[in-house]
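In: curious how this folds, go ahead:
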Amino acid sequence: MATRLTSGQEKRCNSVFTLIDVLNRGWISLEDARKGLAGLGVRDDALSKLPPGQLISQADFALAYAQGLQKTPINHQTLGQAFKTWDTSGSRSMSMKEVRHLVMKDGLPVGITEADIEAVLVSMDSNGDGRITQQELFRLLVPRS
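Out: Below is the predicted model of the structure:
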């Protein structure tokens, strides 16, 4: 049975994929896809049968995301747990240094620049203070009731 995303889920999925695909290549590594889904509290069962080194397109990521949502929906609790892991200073917001650390520790290619990271941060930073808060992340990724 095929899994379909609602328009809201599709928008969130595209936002997550864009956040991971900072080089705008249209694909991410299998490891990055797994980490992206795990960081959001979404199971990666759909990816578990793929061979190491497999590249994941946005469509494949969307399918894995949809299947994972059926098992573990993104909500304030799961996203809050992921944010606490990412927020290394415990400030309830992420600085450029924290975002840079998060992006680079997951093994993205060396060609990522501070400008690439800044572009991702700016797209999420709704109040323009140069930091991403839990609420800004929630606003982007958690379905509204």
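
In: in this structure residue 53 contacts residue 30, no?
Out: Yes - using Cβ atoms under 8 Å, residue 53 makes contact with residue 30 at a distance of 6.8 Å. (Glycine included, C-beta is placed from N, CA and C.)

In: between those two, tell me which one has more neighbours.
Out: More crowded of residue 53 and residue 30, by other Cβ atoms under 10 Å: residue 30, with 18 against 8.

In: state the distance from the more buried one to residue 54.
Out: 4 Å (Cβ to Cβ, to the nearest Å).

In: by mean pLDDT, flag the weakest helix or strand of this structure.
Out: Least confident helix or strand, the chain: helix 96-105 with a mean of 68, by mean pLDDT, DSSP states H and E.

In: show me where the chain has its strands.
Out: 27-29, 55-57, 93-94, 132-133 (DSSP state E).

In: the most centrally placed residue in the chain and residue 51, how far apart?
Out: By Cα atoms, centre = their mean, the mean C-alpha position of the chain lies nearest to residue 16, the distance being 3.9 Å. Applying Cβ to Cβ, the value for residue 16 to residue 51 is 23 Å.

In: got it, and residue 31?
Out: 12 Å.

In: now the end-to-end length of stretch 38-46.
Out: 12 Å (Cα to Cα, to the nearest Å).

In: enumerate every residue touching the closest residue to residue 20 other than its chain neighbours.
Out: The spatial neighbour of residue 20 that comes closest, neighbours along the chain excluded (Cβ to Cβ, 6 or more residues apart in numbering), is residue 36 at 4.6 Å. Contacts for residue 36 (Cβ atoms under 8 Å, 6 or more residues apart in numbering) come out as 16-17, 19-20, 28, 61.

In: sounds good, over and out.
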